[in-house]
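S.K.: the following comprises the amino acid sequence and a computationally predicted model.
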Amino acid sequence: MFLMRIAGFLAVIVVAGGILCYLFTGQRRYLQLAGRVAKWALIFVLLVFGLMILERIIVL
């Protein structure tokens, strides 16, 4: 669980950094990087939550 928190914080930092870099430089590659990281972080979170729900269903 601790590693997932660290991964989440790193994802938030990368997304925020990408948005800030885009705002300062105007280069779209930073915005694209932030979007890619946000997309994969969301997919990972949904997968983990789905597995947690599946575990709860199996235990019941």
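M.R.: Ah, there it is. Numbers count the residues shown, from 1 in each chain.
S.K.: ok, the residue nearest to the spatial centre of the chain - contacts?
M.R.: For the chain, the residue nearest the mean C-alpha position is A41 (2.5 Å; C-alpha atoms, centre = their mean). When the contact criterion is C-beta atoms under 8 Å, 6 or more residues apart in numbering, the partners of A41 are 7-8, 11, 15. (Glycine included, C-beta is placed from N, CA and C.)
S.K.: one more: V37?
M.R.: Residues counted as contacts of V37 (C-beta under 8 Å, 6+ apart) are 11, 14-15, 18.
S.K.: quick one: the residue nearest to the centre of the chain from V48, how far?
M.R.: Here A41 is placed at a distance of 11 Å from V48 (C-beta to C-beta, to the nearest Å).
S.K.: show the buried residues in the contacts of A41.
M.R.: When the contacts of A41 are checked for burial by 16 or more other C-beta atoms under 10 Å, the buried set is 11, 15.
S.K.: from the contacts of A41, which land in helices?
M.R.: Filtering these for membership in helices, criterion DSSP state H, returns 7-8, 11, 15.
S.K.: for L31, state which of those is nearest.
M.R.: Closest approach to L31 among the ones in helices among the contacts of A41 (C-beta to C-beta): V15, at 10.1 Å.
S.K.: show me which pair in the contacts of V37 is furthest apart.
M.R.: Of all pairs drawn from those, the greatest distance, 10.7 Å, lies between A11 and G18 (C-beta to C-beta).
S.K.: name the residues of the helix ranked longest in the chain that are buried.
M.R.: Using DSSP H to define each element, the chain has its longest helix at helix 28-59. If you call a residue buried by 16+ other C-beta under 10 Å, then helix 28-59 has these buried ones: 30, 33-34, 37-38, 41.
S.K.: I am finished for the moment; much appreciated.
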